[in-house]
Every structure is written in structure tokens, then in C-alpha cells.
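A.B. asks: With the sequence up front, the predicted model follows.
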Amino acid sequence: MKKWLSLVLAAMMLFSLSAAVAEEAGFDEFELGVEGEQEVGFMTMAMVYFQPVDMAPVDQATAKENTDLHIEVDLTANENGYAFPVDQWVPYLTIDFVIKDKDGKEVTSGSMMPMAASDGPHYGNNIKLADGEYSITLYIKSPAENGYLLHVDSETGVDAKDGFWTEPLEATWTGWKFVKQW
Amino acid sequence: MLYYLWSVIQDLFYTVTVTSVMHAFLGRLYGRAGRRGHAAGLIAGIAAGCALAAVKQTTNKIISSHWNHWTYAYLMVFIVAFFVLSLIFGRRENKKPGAGGILLTVSGAAVSAGMIFFRLPTVLLYPFSFNTMGNGFFSAYYMERLGGWALALLLLFVYSRLLYGCAVHIRKACVPRRVLRAGVLVYAVYCLGRFFVPWISRAKWLGWPVKYSEAQYGWVGSFSMWTATNAMLFIWICAALAALLAVLFLLENIRVTEPYENPAQLRKLRAGNRRRRRLAIAALCMILLFVLTLTVVKDYDTREVVLSAPETYQVEGDTILIPTESVNDGHLHRFEYTTERNVTIRWIVIKKPNSASFGVGFDACEVCGSAGYYERGSQVVCKRCDVVMNINTIGFKGGCNPIPLAYEVSGGNLVFRLEDLLAGEKEFR
């Protein structure tokens, strides 16, 4: 009997430790909403989520404590008149979000902060959210609101001499079935 | 403190209930051998859980969703094995375990080990994620959270001893057996639902097809979503099963039913009944305490804070005047201004402690938007992320601080320019 149990114990320990070492490093991003990638203005955007993360400086970030997930919007520039490099991340945006439940009732809202993870720069935030089905709408405000300037003279200026958009761009992802998996 | 109290109880209640009754059940069947066999499972689960927590905390090698997925599969396999084996070999008590008995003990120990391994890392890692906000490990801030966490573990330990006592001493052997079978089966249903969560989150790592339409999720998706949104239902079922065991144990010990030959024997039997009734009542009290913690306390802790009503002020041309004497009491004061575009701009004023200056800012920050701030005791707290503000830095730019709002002190008033207020309109749209 004792031999049996010792074997079980040893096998379980070996299994967990070897699996821990063999597991490929990284983290799992889950796609958010049924729309997948969307073209928003001159950008291609996709939303993902995963477990809440620690961010620094701590006094400028929403702490992992008391939050349920980290949402991210991964965006890259397409051809544009602002001279943002194509296929690259766009800085200086302010991205606000509103999350609604299936009945259209607002559940939470906030801003997504610019930040970088091991897979590159993005806008994101830790948020509190119960398991359920939701939609999320992003309001993307122009870099001008954060003091980003454009050259507008004929010699060095960008193509979009009228400047950035003035009303926030909007994009919505629907049918997001959120279940905490961590 | 409350958050960690109810979170730890919510995380471990099911596991503690099943492992306690499992220990009693295997002990009743096979005596010391059953208890030892199950103890080996408990130790294996705790050791593997600690190992996983350590690897998770110190490396990036653990992808929680992958681990959880396979743990659900593992649990389902062993729960089904345990259920079937307990139907075949789990009736006769106090016997030597044969091959079937060994298999039953191993499967029971494996279920307990899996449940502990699944939940323990999350609980063990809580103290590493306490939001100390630079207050340090020995601060009251940290200790308060640690206190809630430790109290929950202590309560669960006491509960496990009480429930084990009920399950060991109850005379009707079928009660712990059936309670345990029902408990693990319900848990298997929960595991089945959670096993298919990657189906609805389109886990490409599993090779499952990416599905985008509601219809394509099918009943698997609906069932999976149902288990996720009704997770508390499983805990209530578990609490009901544990309470049933304790109630039946209580009822069994109200009257003396054993034969006795003299008054002294009767007194002894009555004393035994009294002890067992106390055990049952204590177990029921603990279950009630947990139910209250997961309902009343949790609701209180997660209630939505209502912002205090805005106060009045005087408008003079393009300026807004707020008498300093109305805001110099050290409490948070909120004001509102509605713009031509029907946007309501809020701002806050608080007199800084041990200072003649005021902390002034919009009732919004760059991280949480226009959620607002409220007063909790002597603290100013963000309504959305629960971050406690340093009152002395209110009015400074950046991060979780309220977005600064310019003002002057003149003629006994705080003077705000409408132009400065309107600059914050975008934060409240």
C-alpha cells in the first residue's frame, strides 16, 4: 500500500515539475469580440485580453489587485497622411472605452494607457469584470489632444495639412464572451 | 481585508469540503490505510501546488489557462474513476483494502490532490499581489490584507476539522458516501463546462477551430458559458451538501437510541450525544458564516459607491467662486458644471492635511476616466480602481492623480476660470 502511494506521490510531483519546465514560455492572448480585426480610420485594430498584469510605475497604473483581466488594443498604422510608419504602432492616442452587457447597460468604462509588454507597445489597462457576454466600444481621440504636432509647411509638411480628426473615432466589438481562465 | 477574506473562502470552500469528507470516507472504509493513502494525496496536492506557485511567481513558464485546461481534464477523469469505484467498493466499512480498495483510495487521493493543486497556487500568490502602493511589507496597509487572507485560511482549517468530525462520527455510513459522490459529480460538471471555455475564447493553441458566429458555438458554448456565469451556484450546492451532512448528524444525536443498562450508561450516552450535537452545530455555524461571507460581506465589499452630491457655488462672469471656509474642513468636496453641449464637468476640492493649500482637480484621472473619487474614512479613493490617493499629491499631474485644474485663492474664495473648466470637458464626454 505504502509503495503504491509513494509511487503516486512521486509521479504527480515529477509530472508537475517536469511539465512546468517543459511548458513553453509566454502568455495566452484571447481574441475579444466576434469582429476580429477592424479598420478604424487609418489604423487596423484588434482587441485581446488575458490575466491582469503588474505595471510600472505603480502609482500611474491600475493595480492587478481587485481586477479580473487586462484588455489590450493592438493597432498598427495603414497608409496615412500623418506620416506614421505603416505597420507600426501609433503613439500619442487617447483611447477611452465603454463596456456594455448584453442588455446594453454600461458595466464599466475607462481609458487605455500606452504601455509596452514583451510583445511590443500597445494601449491597455487592467479592469474589473464578471464573467458574461459584453460589447466594448473604443473612442480614439487624436494625438493632437496630447500635444502631438504636425509639420504643415509645403516643404516639410505631412500630407494631412488640415490636422488630425476632431471628433473621436469609434469602433465596437460585440459578442465578447468573457470567462476568466486564469 | 474583506476582499481577501471572501476571495480565499470562495476559492477554497469546495476543495476543503470535498477533501475533508473524502478523508473521513476513506478512513471509514479502510481505517489507517485509507487515511494514510488520502493524506499522501493531500501532501502531493499541496507540494505540487506550492511548486506551481513558485514557478509561476518566479518565471514566465506557466500559462495559467493551459494548466487550468488540463487540470479540468485530469479532475474529470479521476472523479469519474472515483465515482465508479466507490459504487463498487465503497459500501463495506472497516475492512482491509484489496486491489479495488487500493484503486479507490488512489482515485480519491488523486481527486483531492487535483483539487488542491488547482486552487492552491492562486491563494498562495495573493500576498504577492497585494497592492501596497509603496507602503512596504510591514505597513498596516499590507498587514490588513494579510490579515484577511490568513483569517480565511484559519476559518477554512477549523471548518475542515469540524466537517471531518461530522463525517467520521455520523452513524449512517451512507450519508458521507452519498454527500461525497454528489459533491464530486457536481464538481465534474463544473470542470466539464470550464474545460470547453477555450472553445468560446477560440484557443488556437488547442487547434480548435476559430468560430465567430453565435450559432456555431452550439450547446457546448452555451453550457460552458452557463457554468462560468453560474459559478456561485456550484458553491451553494456544495454548501447545501455539507449542511445536509451536518444536519443529519445533528438529528441523529438528539435522542439516545443505543441500549443502556443503568443510569450511568445513559448519562454517558447523553454526554456523547451532546458533544456530537455541538460538533454538528459548530459545523453548521461555519457553513452559515461562509455563506454570509460570500453573500453579505462580498456584496458590501463590491458594492457600487455612490458619489457625494455636488455642492453649490457662485458664478461671477467668467469665473466661479467657492468660499474657502466652505471647503477647509479636510473633507472631499465635489462640484459640477454643465456645459452648452450638456456635458457635466465635475471637480473636487480638499484641504491638504497640515497645510494651508488645497488639492484641486477634475473628478477624473487619465487611467480610469471620469469614474470619480470618494471619501473612505480619511482617505480619498478612486471609485473604479480602488487606489487610495495621497491627498498631498492631489493637484499634481500624472497617473492616478485627479487631472489638475487651475485655480487661485483671492478674497477668501477659490477662483476658477470657466475657460480652465471647459478644457476638461473632453474627460467627461
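C.D. replies: It's in.
A.B. asks: Check which helices and strands the one helix or strand B:M232 maps to is in contact with.
C.D. replies: For B:M232, the element it lies in under DSSP states H and E is helix B:231-252. Applying 3 or more CB pairs under 8 Å, 6 or more residues apart in numbering or on different chains; DSSP states H and E, one finds that helix B:231-252 contacts helix B:2-58, helix B:140-169, helix B:174-195, helix B:263-292. C-beta: built from backbone N, CA, C; applies to glycine.
A.B. asks: neighbouring contacts of that helix?
C.D. replies: Residues external to helix B:231-252 that are found in contact with it (CB atoms under 8 Å, 6 or more residues apart in numbering or on different chains): A:131, B:10, B:13-14, B:17-18, B:21, B:163, B:166-167, B:169-172, B:175-176, B:179, B:182-183, B:186-187, B:189-190, B:227, B:276-277, B:279-281, B:283-284, B:287, B:290-291, B:294.
A.B. asks: Of the residues you listed, keep whichever come out buried.
C.D. replies: The neighbour-count test (16 or more other CB atoms under 10 Å in any protein chain shown) marks A:131, B:10, B:13-14, B:17-18, B:21, B:163, B:166-167, B:169-170, B:175-176, B:179, B:182-183, B:186-187, B:190, B:227, B:276-277, B:279-280, B:283-284, B:287, B:290-291, B:294 as buried among these.
A.B. asks: Show me what the helix or strand hosting B:F223 is in contact with.
C.D. replies: Taking DSSP H and E as the criterion, B:F223 maps to helix B:214-229. Here helix B:214-229 makes contact (CB under 8 Å, 6+ apart) with A:34, A:130-133, A:175, A:177, A:179-180, B:189-190, B:192-194, B:196-197, B:199-200, B:211, B:234.
A.B. asks: Let me know the average pLDDT across it.
C.D. replies: Helix B:214-229 carries an average pLDDT of 80.
A.B. asks: list the buried ones in that helix?
C.D. replies: B:217, B:221, B:223-225, B:227-229.
A.B. asks: gap between B:I9 and chain A?
C.D. replies: 16 Å (CB to the nearest CB, to the nearest Å).
A.B. asks: same deal with B:K268?
C.D. replies: Counting by CB to the nearest CB, the gap from B:K268 to chain A is 36 Å.
A.B. asks: one step back: just give me how far the helix holding B:F223 sits from the chain centre.
C.D. replies: Between the centre of helix B:214-229 and the centre of its chain there are 24 Å (CA atoms, centre = their mean, to the nearest Å).
A.B. asks: cool, and stretch B:45-64?
C.D. replies: How far stretch B:45-64 lies from its chain's middle: 20 Å, per CA atoms, centre = their mean.
A.B. asks: What is the top strand by length along chain A packed up against?
C.D. replies: Longest strand of chain A, by residue count under DSSP state E: strand A:106-117. If you count contacts as 3+ CB pairs under 8 Å, 6+ apart, strand A:106-117 packs onto strand A:69-77, strand A:94-101, strand A:120-127.
A.B. asks: Any buried residues in the last one, and which?
C.D. replies: By neighbour count with 16+ other CB under 10 Å, strand A:120-127 contains the buried residues A:122-127.
A.B. asks: For the most centrally placed residue in chain A, give the beta-bridge partners.
C.D. replies: The centroid of chain A falls nearest to A:E72 when counting by CA atoms, centre = their mean (0.4 Å). Under DSSP bridges, the beta-bridge partners of A:E72 are A:V48, A:G124.
A.B. asks: correct me, but it touches A:M47?
C.D. replies: Yes - counting by CB atoms under 8 Å, A:M47 is a contact partner of A:E72 at 6.9 Å.
A.B. asks: pLDDT score assigned to B:A406?
C.D. replies: pLDDT, read off for B:A406, is 90.
A.B. asks: low-confidence ranges in chain A?
C.D. replies: A:1-26, A:59-60 (pLDDT under 70).
A.B. asks: ranges for the helices of it?
C.D. replies: A:2-22 (DSSP state H).
A.B. asks: nearest to B:R417, of the helices and strands packed on helix B:231-252?
C.D. replies: Closest to B:R417 of those, according to CB to CB: helix B:140-169, at 37.8 Å.
A.B. asks: Which residues are in contact with B:A81?
C.D. replies: B:103, B:107, B:110 are the contacts of B:A81 under CB under 8 Å, 6+ apart.
A.B. asks: just B:G100 next, same as before
C.D. replies: By CB under 8 Å, 6+ apart, the contact set of B:G100 is B:85, B:88-89.
A.B. asks: Ok, A:H122 next?
C.D. replies: A:72-75, A:89, A:114-116.
A.B. asks: Which ChimeraX command selects the buried ones in these?
C.D. replies: The ChimeraX selection below is limited to those of the contacts of A:H122 classed as buried (16+ other CB under 10 Å):
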select /A:72,73,74,75,89,114,115
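A.B. asks: Map the structural domains onto the sequence of chain B.
C.D. replies: Residue ranges for each domain of chain B read B:2-301, B:314-428, as given by automatic domain parsing.
A.B. asks: contacts for stretch B:415-427?
C.D. replies: A:141, A:145, B:318-322, B:337, B:339, B:341, B:343, B:345, B:347, B:362, B:364, B:369-370, B:403, B:405-409.
A.B. asks: Buried among these? Need that as a selection in ChimeraX.
C.D. replies: The ChimeraX selection below is limited to those of the contacts of stretch B:415-427 classed as buried (16+ other CB under 10 Å):
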select /A:141 /B:319,320,322,337,343,345,347,362,364,369,370,403,405,407
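A.B. asks: Which entries within the contacts of B:G100 meet the buried criterion?
C.D. replies: For those, buried by 16+ other CB under 10 Å: B:85, B:89.
A.B. asks: Name the nearest of the contacts of B:G100 relative to B:D299.
C.D. replies: Distances from B:D299 to those, taken by CB to CB, are shortest for B:L85, at 40.9 Å.
A.B. asks: Which pLDDT value goes with the closest one?
C.D. replies: Reported pLDDT at B:L85 in the predicted model: 95.
A.B. asks: show me the contacts for it.
C.D. replies: Counted by CB under 8 Å, 6+ apart, B:L85 has contacts B:100, B:103-104, B:107.
A.B. asks: Distance check, the residue lying closest to B:A282 once chain neighbours are set aside against chain A.
C.D. replies: Leaving aside its sequence neighbours, B:A282 sits nearest to B:L162 (CB to CB, 6 or more residues apart in numbering or on different chains; 5.2 Å). For B:L162, the distance to chain A (CB to the nearest CB) stands at 27 Å.
A.B. asks: ok, now how distant is B:T319 from chain A?
C.D. replies: 25 Å.
A.B. asks: near chain A at all, the helix or strand harbouring B:I350?
C.D. replies: Following DSSP H and E, one finds B:I350 within strand B:344-351. No - for strand B:344-351, no contact with chain A is found by CB under 8 Å from any CB of the partner chain; the gap never falls below 14.6 Å.
A.B. asks: which parts of that strand are buried?
C.D. replies: Buried residues in strand B:344-351 (16+ other CB under 10 Å): B:345-351.
A.B. asks: Let me know the closest of those residues to chain A.
C.D. replies: Relative to chain A, the closest of the buried residues of strand B:344-351 is B:R346; by CB to the nearest CB it sits at 14.6 Å.
A.B. asks: That closest one pairs with what?
C.D. replies: B:E336.
A.B. asks: circling back to that earlier point, measure how the longest strand of chain A sits relative to strand A:69-77, angle-wise.
C.D. replies: Between strand A:106-117 and strand A:69-77, the angle comes out at 60 degrees (axes from the mean of the first three to the mean of the last three CA atoms, to 10 degrees).
A.B. asks: Just checking: what are the partner strands of strand A:106-117?
C.D. replies: By DSSP bridges, strand A:106-117 pairs with strand A:94-101 (antiparallel), strand A:120-127 (antiparallel).
A.B. asks: Since that was my last question, I'll sign off now.
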